[in-house]
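Chemist: Whatever this is, show me its structure:
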Amino acid sequence: MENVVLIIHLLLALSLIGAVLLQRSEGGGLGMGGGGGGGGRVAGRSAGTAMGKLTWLLAAAFICTSMALTIIAASNSAGGSVLDRLVDAPARTEAPDETDAASGTLQAPGEDDADAPLLPTAE
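Modeler: You can find the predicted model right below:
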């Protein structure tokens, strides 16, 4: 389910980019091309074009899929912190080529010598 929503989300993103790039520039961006004479389109908003309506529709669908992906990711999470998983992790085993500090001999991986120190002691 998550993959389907993700694919739809990516297709919506590409479609939204295309719809924005295909729209006609009105020349009012960043204060350019305006002019302050009192006329123009300051008084009211013109009816939306089909491209503008399509852009709004794609943007709304993009936001919906974004929220759906967030909800799916939250429900799939383990419900705990990464630190909780570190505490429950198994202990690291020692490397098989470690030498016994007391005798200087190699230990097999399965041998446990509880009395031998892990590091050589300074004597």
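Chemist: Show the low-confidence segments of this structure, by residue range.
Modeler: Scanning the chain with the threshold set as pLDDT under 70 gives 27-47, 78-82, 84-85, 87-92, 94-123.
Chemist: Swap in 90 and give it another go.
Modeler: 1, 23-51, 74-123 (pLDDT under 90).
Chemist: Could you pick out the longest helix of it?
Modeler: Secondary structure of the chain per DSSP state H: the longest helix is helix 50-76.
Chemist: List the buried residues for stretch 68-77?
Modeler: Within stretch 68-77, the residues that qualify as buried are A68, counting by 16 or more other Cβ atoms under 10 Å. From N, CA and C alone the C-beta is placed, and that goes for glycine too.
Chemist: Grab the CA positions of it and hand them over as CSV.
Modeler: The C-alpha coordinates for stretch 68-77 follow below in CSV (Å, rounded to 0.1, in the frame of the first residue of the first chain):
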residue,chain,number,x,y,z
ALA,A,68,-1.2,9.6,3.8
LEU,A,69,2.5,8.7,3.5
THR,A,70,3.1,10.3,6.9
ILE,A,71,0.3,8.3,8.5
ILE,A,72,1.4,5.1,6.9
ALA,A,73,5.0,5.6,8.1
ALA,A,74,3.8,6.4,11.6
SER,A,75,1.7,3.2,11.8
ASN,A,76,4.6,1.1,10.5
SER,A,77,7.1,2.4,13.0
